[in-house]
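1. coordinates only, sequence not included:
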């Protein structure tokens, strides 16, 4: 038990050290990028530094598997060079049993990342998108809530809020839709209820619409109009609507199932978010696979010039697995693979492959 605690403490210390190095490097690089991106927005250094702090968690979270494989390689190289693994084997403890402690630490880090760090990253990502959008003058135009689909469009005359019960896959065809227009002072000027609304270049084409005007002195219901078809000017484009969904990573893992359900009820495809949800659940096992890959090539006592070669093989295999994982997620988002298969197959395959290499190296 004491030996397991020692290996667990060594691995956790190594992981935190590698994490700190990457955090500092990425922070300086991101500061330079934010200064370049918003040089024309007259943003002060305080605003730039705040954007960097909000953007860094997402970047670090994305490269967590890389940090894990480098931490595993650094740990096992140090243990091999100091002959601690030789002593461990001589004491009758197999290297595979000594590997249990780092694997448990990696699994705990993965669970912590999914359960706690993921919501923090989602929150900072949303705040970063909001602040960067404000600097660019480009706010999000779409939101999905429990009451259906919400859109917003603006113009010289004011803003228009659009609410619909459902929509097609790209948000350009709405059903049971309501348009509420506001003037530049924020006062409501018009309400339109329609059975359907389809986005055309430069306007919404409404069918079976009822219009209430709030600017007239008489009662709006008395002056209401029933029209079989009416066109409403619009500055929205299909690309704007699609882009306004944002990334699944901007939604906390605990809220993602409910958001997926709202997407489906609104008529949108939730495949992308479903694949992301399963990928996040599988992340702890993917981190375990990274540790096992690092151990498979560097756990044995290193002799001569083979150390650099083994490290290169470990990093190369880790990048290949990482690429396969991203490619499988892409296939899953496009509907060519089931979401569960796309998310779980790469980490489980990596664990099986690295476990086979470890058994071959240790038992011949």
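-> Now that the structure is in, tell me what you want to look at. Quick caveat, the model's predicted, so the values are computed rather than measured.
2. sketch out the low-pLDDT regions of the stretch 251-364 of the chain for me.
-> The stretch 251-364 of the chain contains residues with pLDDT under 70 at 266-267, 300-305, 362-364.
3. for it, just list every one of the strands.
-> With DSSP state E, counting those that start in this stretch, there are no strands along the stretch 251-364 of the chain.
4. what's the biggest helix by length in the chain packed up against?
-> Identified as the longest helix of the chain according to DSSP state H is helix 2-37. In terms of contacts (3 or more Cβ pairs under 8 Å, 6 or more residues apart in numbering; DSSP states H and E), helix 2-37 is packed against helix 45-62, helix 64-81, helix 95-98, helix 100-112. Where C-beta positions appear, they are placed from N, C-alpha and C, glycine not excepted.
5. which residue is nearest the centroid of the protein?
-> The centre of the chain sits closest to residue 249, judged by Cα atoms, centre = their mean, with a distance of 2.2 Å.
6. the longest helix of the chain: which residues count as buried?
-> For helix 2-37, burial by neighbour count (16 or more other Cβ atoms under 10 Å) applies to 7-8, 10-12, 14-15, 18-19, 22, 26-27, 30-31, 34.
7. so of the helices and strands packed on helix 2-37, which one's packed in deepest?
-> Among the helices and strands packed on helix 2-37, ranked by average contacts under mean count of other Cβ atoms under 10 Å, first place goes to helix 64-81 (a mean of 22).
8. need the next SSE after it, C-terminal direction.
-> helix 84-90 (DSSP states H and E).
9. give the buried residues for that following helix.
-> Quick answer for helix 84-90 (16+ other Cβ under 10 Å): 84, 85, 88.
10. pull the longest strand from this structure.
-> strand 188-200 (DSSP state E).
11. tell me how far it is from the chain's mean position?
-> Computed by Cα atoms, centre = their mean, to the nearest Å, the chain-centroid distance of strand 188-200 equals 33 Å.
12. buried stuff in that strand?
-> Result for strand 188-200 [16+ other Cβ under 10 Å]: buried residues 189, 190, 191, 192, 193, 194, 196, 197, 199.
13. can you list the residues you listed in CSV and add distance to residue 128 and pLDDT?
-> Formatted as CSV, the buried residues of strand 188-200 follow (distance: Cβ to Cβ, whole Å; pLDDT from 0 to 100):
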residue, distance to residue 128, pLDDT
189, 34, 87
190, 35, 89
191, 35, 92
192, 35, 92
193, 37, 93
194, 36, 93
196, 36, 92
197, 32, 93
199, 29, 91
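14. tell me the one among those nearest to residue 314.
-> Top of the list for closeness to residue 314, among the buried residues of strand 188-200 and by Cβ to Cβ, is residue 199 at 50.9 Å.
15. surely that closest one touches residue 236?
-> Yes. Counting by Cβ atoms under 8 Å, residue 236 is a contact partner of residue 199 at 6.5 Å.
16. returning to that earlier point: list of residues touching the longest strand of the chain?
-> 158, 162, 164, 171-183, 204-215, 220, 230-232, 234, 236, 238, 241 (Cβ atoms under 8 Å, 6 or more residues apart in numbering).
17. and the next element down the chain from that strand?
-> That would be, after strand 188-200 and using DSSP H and E, strand 203-213.
18. so in that sheet, which strands flank that following strand, and in what orientation?
-> Strand 203-213 pairs in its sheet with strand 188-200 (antiparallel), strand 225-233 (antiparallel), by DSSP bridges.
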